[in-house]
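>>> curious how this folds, go ahead:
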Amino acid sequence: MSEQIYGIHAIKSFLDNAPERLIEVMVLKGREDKRLAPLLKELQRLGISVQQVNRQTLDNKAQGEVHQGIIAKVVPQKELNESDLDTILARTNTPLLLILDGVTDPHNLGACLRSADAAGVDAVIVPKDKSAQLTATARKVASGAAETVPLIRVTNLARTMRELQEKHNIWIVGTAGEATDSIYTAKLTGSIALVMGAEGDGMRRLTREHCDQLVHLPMAGSVSSLNVSVATGICLFEIVRQQLEIK
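From the prediction side, this is the model:
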């Protein structure tokens with residue numbers, strides 16, 4: 001069984017972080033690209049098969065997604081679960097977590113992973129049901145972050161949130177349009193888990209009830225909400241800003 005990934009950034013990140021999982025690579029015949037050349041050189045040095053193929057072959061493999069002239073076949077990653085989360089939390093004193101409740105679009109998942117990586121998030125937590133899979137599309141949008149940020153799938157999100165609070169003393173902040181507190185006035189220091197709900201529906205009722213605090217993003221224009229990945233980036237970096245201020 002194998003998966004495929006595409007795009008220069010995604011494959012370079014794979015090469016940097018998990019080269020043992022690369023099976024083979026297909027690259028557009030005759031393409032000259034300054035970013036591609038060192039990547040191909042390293043693949044060949046490691047003895048990974050590189051095939052030169054035509055554009056139609058790559059287009060068919062990518063099924064409509066932008067492949068940037070390169071596609072790789074890889075060994076699937078082992079799915080991480082609750083026990084892996086405990087191991088991750090044991091390695092840090094003040095964890096920063098991102099919880100995505102019901103985000104089903106792979107593009108949004110990939111963009112959230114990218115923001116999580118940039119903000120130094122220790123792990124992203126999603127429920128096993130009604131959540132986007134880590135597809136080739138999600139990996140491409142994540143631009144390498146899918147290989148650096150642990151993605152934890154949990155059976156019961158409410159139970160996991162309760163354990164984060166009781167066992168690890170993590171403050172859980174949920175985002176909701178009707179919340180009284182603004183993301184900019186809330187105190188967001190220490191061990192934090194940020195919860196983002198599905199676009200449109202927001203957080204599920206049980207998820208909302210397990211939050212310690214609800215905050216909203218002030219909206220000055222005519223639109224009522226932002227794309228979940230955009231909102232995630234804004235909220236994460238407000239947490240980062242506050243964390244940096246107290247250091």
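>>> specify the local secondary structure of the one residue sitting closest to the centre of the chain.
A centroid search over the chain (Cα atoms, centre = their mean) returns L113, at 1.9 Å, as the residue closest to the centre. Following DSSP: H, G, I helix; E, B strand; the rest coil, L113 is assigned to helix.
>>> what does G197 give?
Once three-state DSSP is applied, G197 turns out strand.
>>> what about it, distance to G69?
37 Å (Cβ to Cβ, to the nearest Å). From N, CA and C alone the C-beta is placed, and that goes for glycine too.
>>> who has more neighbours, these two?
G197 (22 against 19; other Cβ atoms under 10 Å).
>>> beta partners of that one?
Beta-bridge pairing for G197 (DSSP bridges): D101.
>>> tell me how far it lies from V240.
Separation of G197 from V240 (Cβ to Cβ): 21 Å.
>>> same question, W171
Distance from W171 to V240, by Cβ to Cβ: 15 Å.
>>> then T104?
Distance from T104 to V240, by Cβ to Cβ: 27 Å.
>>> ditto for A119
Using Cβ to Cβ, we find A119 at a distance of 5 Å from V240.
>>> same deal with N156?
29 Å.
>>> now do A10
Separation of A10 from V240 (Cβ to Cβ): 24 Å.
>>> those two - which one has more neighbours?
Higher neighbour count among A10 and V240: A10, with 28 against 16, using other Cβ under 10 Å.
>>> OK, contacts around the residue nearest to the centre of the chain?
Applying Cβ atoms under 8 Å, 6 or more residues apart in numbering to L113 gives the contacts 124, 138, 142, 145-146, 149, 151.
>>> all set, thanks.
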